[in-house]
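Engineer: here you go, sequence then predicted model.
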Amino acid sequence: MPIWGRDQSRGCRGVLEVRQIDAAYGELRALTRVSVRVEPAEIVALVGSNGAGKTTLLRCIAGLVPVRGGRVLWDEEDLGALLPHQVVERGVALVPEGRRLFGRMTVEENLALGAFGRRAREGRAAMLERIYAIFPRLAERRRQRAGTLSGGEQQMVAIGRALMTRPRLLMLDEPSLGLAPRIVEAMLGVLTEVHRAGVAVFLVEQNVRAALGLAHRAYLLEHGAVVGEGRGADLLADPGVRRAYLGPLALLG
Amino acid sequence: MPALAQALVLGALIGALYGLAAAGLSLVFGVLKVLNVAHGELIMLGGYAAFWLFALFGLDPFLSLLLVVPLMAILGLVLYGGLFRFIVRLGEETRIKNSLLVGFGLALTLHALAVRLFTADERSITTSYGSRPLVLGGVVIPLGRLLSLAVALALVALLHGFLQRARWGRAIRATAEDWEAALLLGIDVRRAYVLAFALGTALAGAAGSLVSVGYSISPAIGLEWTLKALIVIVLAGLGSVFGTFVAGVVLGCAEGLSATVFGGPYREVVGLLLFFCVLAARPEGLFGRP
């Protein structure tokens, strides 16, 4: 029984289709005619160098950055016409870069705020137990202030909080940033579990090897445009990709 | 010694009102990142509302709180919709500057309006029980002011409970800490802003009612109350409702003591000295978190 994901109440499937969008910060162009598609229960990675527009693309989908041209469709509905809190209510959640926890509140208060929306409120208690089952560490620290946690624990709260919104698409912006390799592995393992529960995952990750290894498909973003697309494993084997994103030594390994 | 004890008690009584005044201003500042320098004028309006309800209808000022508080909350909604709604759309740096301009404009307008409508006379509410003294070990406590302190404390406790437990209370705290993260959890932060502003205005109205009972009001008291509230916020730091209340009492006591020890003219000086010392030693405030 899927506790999150596949929320049948609206009878929708959960297809994200970004069609030819443009975005800009003032005069500064950030995205040019970007098209991306995420199917239900798919893991899709978005890789590219710093400043390529990865974060901007996620923020456009979440409604935090206005889309100038093109459309962001979620089950045929135009997300561009919605406010960010309404996008969450449709089942699209974003774990922002830098985690952005409410540091003065306890772990449990942070998680409970994830169930703020009408749709998420119903199954709140069961959902909280589910999160604690995935992250037993958080159950131990539920009364602790979020600001006092380690980086890895904070990332767990950030992911848990987003899952509390009962998303059908979970977007993550650099979840492994600043974490120890062992913790990164655990974190990516959690994403597999989330995906198995029926939630699609759209992942921006600077750890390209891990991201491509995990994802079914991936997009390459450069200078605000999609320059490549393919299965994760294929891209990982592509010499050009290896040279660009994994460093020169990767060709030897 | 009894003179000092008396000064301390009277200081704590007015300090409770400083605390209540500051709690409203602190809420608005913490959530909207807008400094409403017309907060004192809102206190003044609350005072006049209580005064006229008493003078025209004989309504007890503690009873009329039940009318004044919701009326002031509605005024808060109107002011937000008409003025402050446009300011919160700005980036955070320009927000403060613009809120100062709008706040001063609002303060001047309300002041002039009050002079026009109510004249510049000082007013206060004299109830039958208000000046009845309660004598405790040689210290005289006016009953009306004691009641005011109790009401102020109760309101602060209510606000604290709301922010801690209620669904929208938590949403307001989340918005204060990181509005974008709040948005990403499905919280309509515009609603959190409206709610916080209306609450802040309602608290100002309550503080004004209480001021008109034990003390006096006139159209000109606004600036002084805004300044007191600002000093208290700096003393307390942001983020703790009870901390703000306690800091108000501390300021009141310090003022009372210094007036007794050094003489009346030094009343304000010691408060400001306290302000500078805390700023220098603990810039996050006595109860604020860095």
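Structural biologist: Here it is on my side, so go on. Being a predicted model, the structure only gives us computed values, none of them experimental.

Engineer: chain A contacts on the stretch 101-250 of chain B?
Structural biologist: With CB under 8 Å from any CB of the partner chain as the criterion, the stretch 101-250 of chain B meets chain A at residues B:167, B:170-171, B:173-174, B:177-178, B:180-189, B:239. Where C-beta positions appear, they are placed from N, C-alpha and C, glycine not excepted.

Engineer: what's around residue 70, how many residues?
Structural biologist: Let's take chain A. Look at A:Gly70: counted by other CB atoms under 10 Å in any protein chain shown, it has 19 neighbours.

Engineer: think we crossed wires, I meant chain B
Structural biologist: 13.

Engineer: likewise B:Gly256?
Structural biologist: So B:Gly256, with other CB under 10 Å, has 23 neighbours.

Engineer: got the phi and psi for residue 123?
Structural biologist: Assuming you mean chain A. phi -90, psi 30 (degrees, to the nearest 10).

Engineer: chain B was what I was after
Structural biologist: The phi/psi pair for B:Arg123 (degrees, to the nearest 10) is phi -130, psi 150.

Engineer: and it, what are its bridge partners?
Structural biologist: B:Ile217 (DSSP bridges).

Engineer: which residues touch A:Leu64?
Structural biologist: Applying CB atoms under 8 Å, 6 or more residues apart in numbering or on different chains to A:Leu64 gives the contacts A:84, A:94, B:180, B:183-184.

Engineer: so which strand or helix has A:Val226?
Structural biologist: With elements taken from DSSP states H and E, the one containing A:Val226 is strand A:225-231.

Engineer: which helices and strands does that strand pack with?
Structural biologist: Under the contact criterion of 3 or more CB pairs under 8 Å, 6 or more residues apart in numbering or on different chains; DSSP states H and E, strand A:225-231 touches strand A:28-38, strand A:217-222.

Engineer: before we move on, the earlier item: tell me the one among the contacts of A:Leu64 nearest to A:Arg161.
Structural biologist: Nearest to A:Arg161 among the contacts of A:Leu64: B:Leu184, at 9.0 Å, using CB to CB.

Engineer: helix, strand or coil: sort out the residue nearest to the closest one when sequence neighbours are not counted for me.
Structural biologist: Of all residues not flanking B:Leu184 in the chain, A:Leu94 sits nearest, at 5.4 Å (CB to CB, 6 or more residues apart in numbering or on different chains). Using DSSP: H, G, I helix; E, B strand; the rest coil, the structure places A:Leu94 in strand.

Engineer: next, work out how far apart A:Leu94 and A:Leu169 are.
Structural biologist: 9 Å (CB to CB, to the nearest Å).

Engineer: more neighbours: which of those two?
Structural biologist: With neighbours defined as other CB under 10 Å, A:Leu94 and A:Leu169 compare such that A:Leu94 has more, 28 against 25.

Engineer: what is that one paired to in the beta sheet?
Structural biologist: Assigned bridge partners for A:Leu94, using DSSP bridges, are A:Met171.

Engineer: what about stretch B:117-126, average pLDDT?
Structural biologist: Averaging pLDDT along stretch B:117-126 gives 93.

Engineer: one more: stretch A:143-151?
Structural biologist: 95.

Engineer: residues near residue 126, how many?
Structural biologist: Answering for chain A, as no chain was given. There are 11 residues near A:Ala126, going by other CB under 10 Å.

Engineer: oops, chain B please
Structural biologist: 9.

Engineer: distance check, it against chain A.
Structural biologist: B:Thr126 sits 44 Å away from chain A, going by CB to the nearest CB, to the nearest Å.

Engineer: also B:Ala196?
Structural biologist: 16 Å.

Engineer: B:Leu27 is in contact with that residue, correct?
Structural biologist: Yes: counting by CB atoms under 8 Å, B:Leu27 is a contact partner of B:Ala196 at 5.5 Å.

Engineer: what do those two both touch?
Structural biologist: Joint contacts of B:Ala196 and B:Leu27 (CB under 8 Å, 6+ apart) are B:Ile172.

Engineer: ranges for the helices of the stretch 151-290 of chain B?
Structural biologist: All helices of the stretch 151-290 of chain B, identified by DSSP state H, counting those that start in this stretch, fall at B:167-177, B:179-184, B:189-214, B:222-236, B:241-262, B:267-281.

Engineer: for B:Pro155, which non-adjacent residue is closest in space?
Structural biologist: Quick fix: residue B:155 reads Leu, not Pro. B:Ala206 (5.7 Å).

Engineer: give the buried residues for stretch B:269-279.
Structural biologist: Of the residues in stretch B:269-279, B:270-271, B:274-275, B:278 count as buried by neighbour count, 16 or more other CB atoms under 10 Å in any protein chain shown.

Engineer: try stretch B:182-200
Structural biologist: B:182-190, B:192-200.

Engineer: and the helix or strand bottoming out on mean pLDDT in chain B, C-alpha only, in CSV?
Structural biologist: Every helix and strand in chain B was compared by mean pLDDT, DSSP states H and E; the lowest is helix B:267-281, with a mean of 83. Output of helix B:267-281 as CSV, limited to C-alpha atoms (Å, rounded to 0.1, in the frame of the first residue of the first chain):
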residue,chain,number,x,y,z
ARG,B,267,14.4,58.3,33.5
GLU,B,268,15.0,58.0,29.8
VAL,B,269,18.8,58.2,30.0
VAL,B,270,19.1,54.9,31.9
GLY,B,271,16.8,53.1,29.6
LEU,B,272,18.9,54.2,26.6
LEU,B,273,22.1,53.3,28.5
LEU,B,274,20.7,49.8,29.1
PHE,B,275,19.9,49.7,25.4
PHE,B,276,23.5,50.5,24.4
CYS,B,277,25.0,48.1,26.9
VAL,B,278,22.9,45.2,25.7
LEU,B,279,23.7,46.1,22.1
ALA,B,280,27.4,46.1,22.8
ALA,B,281,27.5,42.9,24.9
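
Engineer: neighbouring contacts of it?
Structural biologist: B:228, B:231, B:234-235, B:250-251, B:254-255, B:257-259, B:262, B:285-286.

Engineer: neighbours around the residue of the stretch 101-250 of chain A found nearest chain B, how many?
Structural biologist: Among the residues of the stretch 101-250 of chain A, A:Gly117 lies closest to chain B, at 3.5 Å counting by CB to the nearest CB. A:Gly117: 20 surrounding residues under other CB under 10 Å.

Engineer: now do the one 4 residues further on
Structural biologist: Look at A:Arg121: counted by other CB under 10 Å, it has 15 neighbours.

Engineer: the one 10 residues further on too?
Structural biologist: Using other CB under 10 Å, A:Ile131 is surrounded by 24 other residues.

Engineer: that one: what secondary structure?
Structural biologist: helix.

Engineer: excluding sequence neighbours, find me the nearest residue to it.
Structural biologist: A:Gly160 (4.2 Å).

Engineer: what residues of the helix or strand containing the one you found count as buried?
Structural biologist: For A:Gly160, the host element (DSSP H and E) is helix A:151-163. Neighbour counts over helix A:151-163 (16+ other CB under 10 Å) mark A:152-163 as buried.

Engineer: what about stretch A:197-213, average pLDDT?
Structural biologist: In the prediction, stretch A:197-213 has an average pLDDT of 90.

Engineer: could you work out the end-to-end span of that stretch for me?
Structural biologist: 19 Å (CA to CA, to the nearest Å).

Engineer: so how far is that stretch off the chain centroid?
Structural biologist: 8 Å (CA atoms, centre = their mean, to the nearest Å).

Engineer: next SSE after the helix or strand hosting B:Leu106?
Structural biologist: With elements taken from DSSP H and E, the one containing B:Leu106 is helix B:92-118. Reading on from helix B:92-118 to the C-terminus, the next helix or strand found by DSSP H and E is strand B:133-136.

Engineer: then the helix or strand following that next one to CSV, C-alphas only?
Structural biologist: Downstream of strand B:133-136, the first helix or strand assigned by DSSP H and E is strand B:139-142. What follows is strand B:139-142 as a C-alpha-only set of coordinates in CSV (Å, rounded to 0.1, in the frame of the first residue of the first chain):
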residue,chain,number,x,y,z
VAL,B,139,4.3,49.4,48.8
VAL,B,140,1.2,50.9,47.1
ILE,B,141,-0.1,49.1,44.1
PRO,B,142,-2.9,50.8,42.1
